[in-house]
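Colleague: Okay, here's the prediction I keep looking at, along with the sequence it came from:
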Amino acid sequence: MRPHEAVTTPEPADSSGPYATSVGIEQAEAALVEHYTRLVRIAYLVLPPSLGRNRRVLTAHALVQRSLPHGRTAGDGSEVPAREPGFAYVRGRVLRQALDAGRPLRRPVWPKRAQLPPLLPHVWGLRLFPRAGGADELALDQRLSGLSCPARAAFVLRALEDLPDPEVRRVLAAAGTEDPDAALAGADGVDAPEAAALLLSPEFDPCSLQARPTDLLRRRRYARAAAAATAAALVCGALLALPGDGWGPDGAAAPPYARNPAAESALDPAKVRRIAPAAWEISARTDFSVWPTRGPLARDHGLLRRALAVWARPGAAVQVSATPATPSGPPMGSPQLLYAGRVDSARVVLFHDGMRIVRYAESARGGEAAALDFARVDGADATVSGALVVGRSDGNVRYLTAPWLRRTSVRDLLDPDGSARPLRRDRDGVTDPLPSPATARDCRSWDTLDVRDRTTDRLLTDLGELTPARLTSGPPSAPKDISAPADRAAWARTACLLPAVRSHGVRSVNSWQYARQPLPEANGAAAWLCTRAETWRGTGSRVMAQFQAPSREPAAPGAVAARAEDTPACGVRDPRVLAGVLWKSRGGHWYVLAAGSGQFRSVATEGGVRGSAKGALLAVRAARGAGAELYGHVSDGTRVESLR
C-alpha cells in the first residue's frame, strides 16, 4: 500500500507584515515545485469555465509552468510579502496569466500568450478532467461559473489562500485587475459554507485526473470527411465512367444517415423498464434485475429524458467517472429504472442495463452541471447486490438498499466488541447518511453497512464506488460473512489497510488467517493473514499478506509483509501463500519470521540470512536490516516463492 503523500500548505501572507520587491529565481523555482499542485488548483479555479474542463486543465498546468521569470532575479517592481516571498511571487504570476486568459480578444491588440491555447502539454484523442465530486461541489462549481475571472480570483484567495480583504485587493491589483473592490463584491455573492474544504476536494484538483476519449464518432466523421474531400477530385471521373449505377449497396447495411429505431427507443423515458414491487418474491434470480422501480421522481419524464440524453451524449459540463474496465458508452437498449428522487441537494437517477449501474445526478437548484457514474455489475448475485450508493455529501454516504433486506445497521470495524447501530431507511429503501470511510482523512473509525436478509448478516463497505464491497473471512474455498468474534478481531486490525484497494472496481474483500506462529523469546503468538480483493472484471486482483503481532490495541493495524497484483495466490485457484518479515523481539534481537499456508512442508531463506525449517513456520536469528529471499516446498515437492 502506498503511503499517503504529505501536502505542505504555505502560510497565508500577513497584509500588515513587511514586503519585498525582488525574489531570487531559486526561491521562485523552489516555491513552484513545492506548491505545484496548489498553484495549478488556483489557476484552474480562476480560468473561465467557457474553456471547457479539458482545456482548463491543460491551460492551468501550462500557466504554472510558465510562471518562472527569465532572469536571475524575479522582480517586476511589485511588492510581495516578505514571508513566503517565492510562493507569493509565483502565485501572482499565475493569477495575472489566468486573469489574462479570461479577457476577450480584441482585434487591434495583439493577444497575450495566456489568451491562446497552450501548445504543450497536449494529448491527442483524450479528454482530461478532475474526478467527480458530490452535489455540494457541483453546486459550488455552478455558482463560481457565474462570476467574472477577477471575482473568482477574489473568492479563491479568500477561501483557499485564507487572505484578508486588504491583501486580496493588493494581490489582485498587482495581477492587473482594474477594480479589485468590484471583484470582492462579486465574491461576496457566493454563499458557500465550508468553501475551503470544498475547494480542496478532488472536484477542483487538476493534478488528479481522469482520462476519457474524445467524441470518437465525431472525430471519425471529420477524418472521413477530410479523406473524402481529398479523394473526391481523383475518383469523380472514374465514378462517371462506371456503367449502370456505379458501386453497389453495402450489403445488408442501411443507407447512410438511416434512423435506428432501437437506439432512439433507448432514449425514450416512456420506454424504460419498470419492475413491479413484488417481482423479486417470485423470481428465480436475486440480483439487480429484480429490484423494483422506486423514488418520488420515477414518473418525472423531464428528469428521465435529461438523464438518458446525458448518458448517450455527455457534454463538456458533465463529470463522467467509471470503475476500471467499465464501458461508458450509451445505453444498449431501454434500461431498467431503479430509482429517481432527490437525495440531499441533488436529483438522482439510477439505471441498470444488465451489465452496468449508471448514476445520473444534477443539482436540485438547476443549471447544466451534472455527474454521470458507471459501475460494472455483471455476474451479481444476492451476496453483492444488497445496496448501491445513491448519494454522497459532506463526507457521508447514502445507500439504496435491496427490497429483500429486513434490517440495516452500522457497524464499526475498528470496534470488534461494539454492537451495531440502527440505520433508518425511508419507504423507498434509501438510508440515512452515515460516515464514509472512503473519503475520511484518517482511520479513527471504519463504519460499514450491516445488512440482513431472511437468514444472513453481511458487511458492506464503501470504497469510493457505486457498489459497496462485501467483506468476508475464511479460506478462499469457503469464504463466509463476518460473524465470529475471532473474525471481527482480525478485521479490526485489517480495516485500515483497505484504502489500498479503493476505487479499483472491487467486488469483495476476503481476509483469512492462514497461519499462527509462536514468537521467539516467549513474545507471544502472531497471526498471519492474507487479504485478497476481487474485482468485478475478474482481473486486477490485489493481495496483501499481513503480520499481526500481539498488541494491546484491538484496532492496531497489521504490518503488510508482502503484496501482489493480478496473481491467483491466496485465491480459489491457488490458495497457497508464503510471506515473511524482519521482526524485533522485546529483548532487542532481530529475527526473520516466515509463515506459509497449510500446503507447505518446508520453508527456507537464503541470501543475507540462511536457514530452513520443516513445516510452514520459520524463525531465524538475523542482523538488523538484513535481506533475505524466502521460498518453500509444498507436499508434491514443488518449489513456491514468497508472495511478491
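Modeller: Good, I have the coordinates.

Colleague: show me what contacts the spatially most central residue of the chain?
Modeller: When C-alpha atoms, centre = their mean is applied to the chain, the residue found nearest the centroid is residue 503 (5.1 Å). Going by C-beta atoms under 8 Å, 6 or more residues apart in numbering, residue 503 touches 323, 463-465. (C-beta placed from N, C-alpha, C; glycine too.)

Colleague: Okay, it and residue 207: tell me how far apart.
Modeller: Distance, residue 503 to residue 207, using C-beta to C-beta, to the nearest Å: 16 Å.

Colleague: follow-up on the earlier one: quick one, phi/psi of the residue nearest to the centre of the chain?
Modeller: When read as degrees, to the nearest 10, the backbone of residue 503 gives phi 60, psi 40.

Colleague: Which strand or helix spans the closest residue to residue 642 other than its chain neighbours?
Modeller: Among residues not flanking residue 642 along the chain, residue 630 sits closest, at 3.9 Å (C-beta to C-beta, 6 or more residues apart in numbering). If you go by DSSP states H and E, residue 630 is part of strand 628-634.

Colleague: For the helix or strand following that strand, which strands pair with it and how are they oriented?
Modeller: Using DSSP H and E, the helix or strand that follows strand 628-634 in sequence is strand 639-641. The pairing partners recorded for strand 639-641 under DSSP bridges are strand 628-634 (antiparallel).

Colleague: buried ones in the partner strand?
Modeller: Using 16 or more other C-beta atoms under 10 Å as the burial criterion, the residues of strand 628-634 that qualify are 628, 630-634.

Colleague: repeat for stretch 290-303
Modeller: By 16+ other C-beta under 10 Å, the buried positions in stretch 290-303 come out as 290-295, 297-298, 300, 303.

Colleague: mind listing what the closest residue to residue 607 other than its chain neighbours touches?
Modeller: Leaving aside its chain neighbours, residue 607 sits nearest to residue 629 (4.5 Å; criterion: C-beta to C-beta, 6+ apart). Counting by C-beta under 8 Å, 6+ apart, residue 629 touches 605-607, 642.

Colleague: same thing but at 7 Å, please
Modeller: By C-beta atoms under 7 Å, 6 or more residues apart in numbering, the residues touching residue 629 are 605-607.

Colleague: could I get the residues you listed as a markdown table with neighbour count and distance to residue 490?
Modeller: What follows is those, written out as a markdown table (neighbours: other C-beta atoms under 10 Å; distance: C-beta to C-beta, whole Å):
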| residue | neighbour count | distance to residue 490 |
| --- | --- | --- |
| 605 | 24 | 26 |
| 606 | 12 | 31 |
| 607 | 11 | 31 |
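
Colleague: which among the residues you listed gets closest to residue 274?
Modeller: Closest approach between these and residue 274, by C-beta to C-beta: residue 605, at 62.3 Å.

Colleague: hmm, back to that, rebuild the buried residues of strand 628-634 as a markdown table, extending it with pLDDT and distance to residue 362.
Modeller: Compiled in a markdown table, the buried residues of strand 628-634 are given as follows (pLDDT from 0 to 100; distance: C-beta to C-beta, whole Å):
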| residue | pLDDT | distance to residue 362 |
| --- | --- | --- |
| 628 | 89 | 57 |
| 630 | 96 | 54 |
| 631 | 96 | 56 |
| 632 | 96 | 56 |
| 633 | 97 | 60 |
| 634 | 95 | 56 |
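
Colleague: Name the nearest of the residues you listed relative to residue 472.
Modeller: Among the buried residues of strand 628-634, residue 634 lies closest to residue 472 (C-beta to C-beta), at 24.9 Å.

Colleague: Quick check: chain neighbours aside, which residue is closest to the closest one?
Modeller: residue 599 (4.6 Å).

Colleague: same thing with residue 47?
Modeller: Leaving aside its sequence neighbours, residue 47 sits nearest to residue 56 (C-beta to C-beta, 6+ apart; 4.9 Å).

Colleague: tell me which element residue 587 falls in.
Modeller: Going by DSSP H and E, residue 587 is not in any helix or strand.

Colleague: That one touches residue 519, doesn't it?
Modeller: No. Using C-beta atoms under 7 Å, residue 587 is not in contact with residue 519, being 11.1 Å away.

Colleague: Looking at those two now, which is surrounded by more residues?
Modeller: residue 519 (17 against 9; other C-beta atoms under 10 Å).

Colleague: Check the gap between the more buried one and residue 548 for me.
Modeller: From residue 519 to residue 548 the distance is 11 Å (C-beta to C-beta).

Colleague: Next: residue 97.
Modeller: From residue 97 to residue 548 the distance is 53 Å (C-beta to C-beta).

Colleague: who's more crowded, the two?
Modeller: Using other C-beta under 10 Å, the more surrounded residue of residue 97 and residue 548 is residue 97, with 25 against 21.

Colleague: neighbouring contacts of stretch 469-476?
Modeller: 383-384, 448, 458-461, 463, 479-482, 487, 490-491, 506-512, 570-572, 575.

Colleague: Check those residues for burial and list the buried ones.
Modeller: Taking 16+ other C-beta under 10 Å as the criterion, what is buried in those is 383-384, 448, 458-461, 463, 479, 481-482, 487, 490-491, 506-512, 570-571, 575.

Colleague: For the stretch 151-300 of the chain, which segments are assigned as strands?
Modeller: Taking DSSP state E, counting those that start in this stretch as the test, the strands found in the stretch 151-300 of the chain are 209-213.

Colleague: Can you list the low-confidence ranges for it?
Modeller: For the stretch 151-300 of the chain, applying pLDDT under 70 flags the ranges 192-193, 210-260, 262.

Colleague: Break down it into its helices, ranges please.
Modeller: 165-174, 180-188, 195-199, 216-241, 261-266, 279-282 (DSSP state H, counting those that start in this stretch).

Colleague: mind listing what the longest strand along the chain pairs with, with the direction of each?
Modeller: The single longest strand within the chain, with elements called by DSSP state E, is strand 506-518. With DSSP bridges as the test, strand 506-518 is paired with strand 469-473 (parallel), strand 525-535 (antiparallel).

Colleague: in the longest one, what counts as buried?
Modeller: Read it as strand 525-535. Neighbour counts over strand 525-535 (16+ other C-beta under 10 Å) mark 526-535 as buried.

Colleague: re earlier: may I ask you to confirm that the residue nearest to residue 634 is in contact with residue 636?
Modeller: No. Counting by C-beta under 7 Å, residue 599 does not reach residue 636; the two are 9.1 Å apart.

Colleague: For the two, indicate the residue with more neighbours.
Modeller: Using other C-beta under 10 Å, the more surrounded residue of residue 599 and residue 636 is residue 599, with 19 against 7.

Colleague: for that one, what are its contacts?
Modeller: Taking C-beta under 7 Å, 6+ apart, one finds 576, 634-635 in contact with residue 599.

Colleague: Now the host helix or strand of residue 389: average pLDDT?
Modeller: For residue 389, the element it lies in under DSSP H and E is strand 387-393. Summarised as a single mean, pLDDT over strand 387-393 is 96.

Colleague: helices and strands around that strand, which ones?
Modeller: Applying 3 or more C-beta pairs under 7 Å, 6 or more residues apart in numbering; DSSP states H and E, one finds that strand 387-393 contacts helix 135-145, strand 336-343, strand 346-352, strand 396-401.

Colleague: What is the subsequent helix or strand relative to the last one?
Modeller: Under the assignment DSSP H and E, the closest C-terminal helix or strand after strand 396-401 is strand 407-412.

Colleague: returning to that earlier point: okay, the strands paired with strand 506-518 in JSON lines with distance to residue 390 and mean pLDDT next?
Modeller: Putting these into JSON lines (distance: least, C-beta to C-beta, whole Å; pLDDT from 0 to 100) gives the following:
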{"stretch": "strand 469-473", "distance to residue 390": "17", "mean pLDDT": "98"}
{"stretch": "strand 525-535", "distance to residue 390": "22", "mean pLDDT": "97"}
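
Colleague: mind putting those strands in CSV, distance to residue 173 included?
Modeller: Below are these laid out as CSV (distance: least, C-beta to C-beta, whole Å):
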stretch, distance to residue 173
strand 469-473, 52
strand 525-535, 53
